[in-house]
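[1] Provided below are the primary sequence and the corresponding predicted coordinates.
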Amino acid sequence: MNFIEKKSLKKKIIIFLGVFVLSGILLFNSELKAEAQKINVLDQLGVDKLSNLHTQQQDLEDARLKKKEDEKNKQNIWSRLFHSTLGNALNKLAYDAATWIGSGGEGQKPMFITEGWGAYLSNIADSAAGNVL
């Protein structure tokens, strides 16, 4: 780059910076005031409508919470029912097994198993269901 081109480039930079600074001063120095319009929301919607919206929103939230709580209670009931039924069936099976072992000996026949396993397990299920009801 020769001397004349450097001088020309310096002039262009100085002019650009001058215009930039001058435009910044003019833009940011002027006092522009913007005022928001005052709107009374309560007058436009009406106090009753706003109150109704809040009440509806609260009712929806209450209904959602009640539904969630009902689902949890329903699951809890089924869990307790299953636990109780299973516990009764296992207790009956353990008691009968202990009785059978205790009573079986040479020449003796078991006291409680006189039918096949299918009928025996069906009787246990009926007994457990009867205890739950």
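    Arrived safely.
[2] show the residue spans covered by the helices in this protein.
    3-29, 41-45, 47-103, 117-132 (DSSP state H).
[3] where among those helices is the average confidence lowest?
    Lowest mean pLDDT within those: helix 41-45, a mean of 56.
[4] follow-up on the earlier one: okay, the helices of the chain in a markdown table with mean neighbour count next?
    The C-beta positions use only the backbone N, C-alpha and C, and glycine is treated the same way. Formatted as a markdown table, the helices of the chain follow (neighbours: other CB atoms under 10 Å):
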| stretch | mean neighbour count |
| --- | --- |
| helix 3-29 | 10 |
| helix 41-45 | 10 |
| helix 47-103 | 11 |
| helix 117-132 | 12 |
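[5] only C-alpha atoms, please: export stretch 72-86 in PDB.
    C-alpha atoms of stretch 72-86 as PDB (Å, rounded to 0.1, in the frame of the first residue of the first chain):
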ATOM      1  CA  LYS A  72     -54.300 -43.200  44.500                       C
ATOM      2  CA  ASN A  73     -56.900 -44.500  47.000                       C
ATOM      3  CA  LYS A  74     -58.200 -47.000  44.400                       C
ATOM      4  CA  GLN A  75     -54.700 -48.400  43.900                       C
ATOM      5  CA  ASN A  76     -54.300 -48.500  47.600                       C
ATOM      6  CA  ILE A  77     -57.500 -50.500  48.100                       C
ATOM      7  CA  TRP A  78     -56.600 -53.000  45.400                       C
ATOM      8  CA  SER A  79     -53.100 -53.400  46.900                       C
ATOM      9  CA  ARG A  80     -54.600 -54.100  50.300                       C
ATOM     10  CA  LEU A  81     -57.100 -56.500  48.900                       C
ATOM     11  CA  PHE A  82     -54.400 -58.400  47.000                       C
ATOM     12  CA  HIS A  83     -52.100 -58.500  50.000                       C
ATOM     13  CA  SER A  84     -54.800 -59.800  52.300                       C
ATOM     14  CA  THR A  85     -55.900 -62.500  49.900                       C
ATOM     15  CA  LEU A  86     -52.400 -63.600  49.200                       C
END
